[in-house]
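A.B. asks: With the input below, show me the fold.
(one chain, ligands or ions: 1)
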Amino acid sequence: MQLHPELRSLHTNGALTESEWENTHFSSDAIGLLLSNPNDYIDSLGPEWDADLDTLPFNALAHLARYLPQLQEPKAPLREALRSTLEKHADEKVELIIEAGCSVGADLHTLSQKARRVIGFDAYITPLRYALKHITGQSFSIPQRNEGRGFSFAENELSPQRLSNVSLICADALDPPFLPECADIVVAMNLLDNVPCLAMYLSKHQSNLYGEYVQ
Ligand SMILES: C[S@@+](CC[C@H](N)C(=O)[O-])C[C@H]1O[C@@H](n2cnc3c(N)ncnc32)[C@H](O)[C@@H]1O
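C.D. replies: Numbers count the residues shown, from 1 in each chain. Model (predicted):
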């Protein structure tokens, strides 16, 4: 991923500099961690941080078993709802769309058609690693939960999605690493009920669109 000019330094609040970008922690598949305490985050993940995707722990597989199948249902009502909302409000391609809580990337293809650049972020690195595989057209198997703690793995039948205008980062929606007024559209699908303080979330995200960063 490149250093986008809209990225904000979580330490200075100014634009993220080249040297801060060079010192950013990246996952083994090169997803940047724009979090205020990346070392704590990596410690909290333990071996999952740089696990091969076929050696993920139970909680990660359970999460993936829940969300990866969405990639196989591009016409699900929620996906269509986003498409029709964008059609209604953005008849031309915009410069930048940011998606908060993009997870495995079920809406990234839709967003990539509506913007010259898309930045998807999520606070959980593991689904982002799958989103990266998906948008670079790599194949992977999808875990299906059996009884108890067991999983079986099915090869996915997804059409390749090479999205050259989409970047992914690991970041927190409650401390979004973006400069004020930088995005044309901010999308958050099924995120609000995951965020503990709704008012703080909205004020920070509105700042991406309307200015004035609220701490
Ligand atoms: C219910 S899932 C929705 C995923 C996807 N947008 C969709 O519609 O299928 C919520 C996602 O938000 C992420 N999330 C939760 N809290 C977050 C936060 N504070 N910052 C960024 N992402 C967060 C979770 O890791 C998860 O991937």
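A.B. asks: Please compute how far stretch 165-182 lies from its chain's middle.
C.D. replies: Put simply, stretch 165-182 sits 9 Å off its chain's centre (C-alpha atoms, centre = their mean, to the nearest Å).
A.B. asks: What of stretch 72-92?
C.D. replies: On C-alpha atoms, centre = their mean, the centre of stretch 72-92 falls 18 Å from that of its chain.
A.B. asks: Contacts for it next, please.
C.D. replies: Stretch 72-92 is contacted from outside by 70, 106-107, 109-111, 114, 142, 156-158, 184-185, 187, 189-190, using C-beta atoms under 8 Å, 6 or more residues apart in numbering. Quick note: C-beta positions are derived from backbone N, CA and C, even for glycine.
A.B. asks: Please apply the same query to stretch 136-146.
C.D. replies: Outside stretch 136-146, the residues that reach it (C-beta under 8 Å, 6+ apart) are 53, 61-62, 64-65, 68-69, 72, 130, 133-134, 151-156, 160-162.
A.B. asks: hmm, 6 Å instead?
C.D. replies: 61, 64-65, 68, 133, 151-156, 160, 162 (C-beta atoms under 6 Å, 6 or more residues apart in numbering).
A.B. asks: closest to residue 57 among the contacts of stretch 72-92?
C.D. replies: Ranked by distance to residue 57 (C-beta to C-beta), the contacts of stretch 72-92 are led by residue 142 at 16.9 Å.
A.B. asks: Share the number of residues neighbouring the residue nearest to that closest one when sequence neighbours are not counted, please.
C.D. replies: Closest residue to residue 142 apart from its sequence neighbours, by C-beta to C-beta, 6 or more residues apart in numbering: residue 68 at 4.6 Å. Using other C-beta atoms under 10 Å, residue 68 has 26 neighbouring residues.
A.B. asks: for residue 116, same thing?
C.D. replies: 12.
A.B. asks: Equivalent analysis for the one 10 residues further on, please.
C.D. replies: Neighbour count of residue 126, defined by other C-beta under 10 Å: 24.
A.B. asks: got a list of what the residue in the chain that the ligand sits nearest to touches?
C.D. replies: Nearest residue of the chain to the ligand, counting by C-beta to the nearest ligand atom: residue 101, 2.9 Å away. Applying C-beta under 6 Å, 6+ apart, we find residue 101 in contact with 122, 188, 191.
A.B. asks: Grab the nearest non-local neighbour of it.
C.D. replies: Excluding its sequence neighbours, the residue lying closest to residue 101 (C-beta to C-beta, 6+ apart) is residue 191, at 3.6 Å.
A.B. asks: how would you label the residue positioned nearest the centre of the chain: helix, strand or coil?
C.D. replies: For the chain, the residue nearest the mean C-alpha position is residue 121 (2.8 Å; C-alpha atoms, centre = their mean). When classified by DSSP: H, G, I helix; E, B strand; the rest coil, residue 121 comes out as strand.
A.B. asks: hey, what's it bridged with?
C.D. replies: residue 100, residue 169 (DSSP bridges).
A.B. asks: my guess is it meets residue 167, correct?
C.D. replies: No - applying C-beta atoms under 6 Å as the test, residue 121 and residue 167 come out as separate, 9.1 Å apart.
A.B. asks: Quick check: the residue nearest to residue 101 vs residue 12, distance?
C.D. replies: 27 Å (C-beta to C-beta, to the nearest Å).
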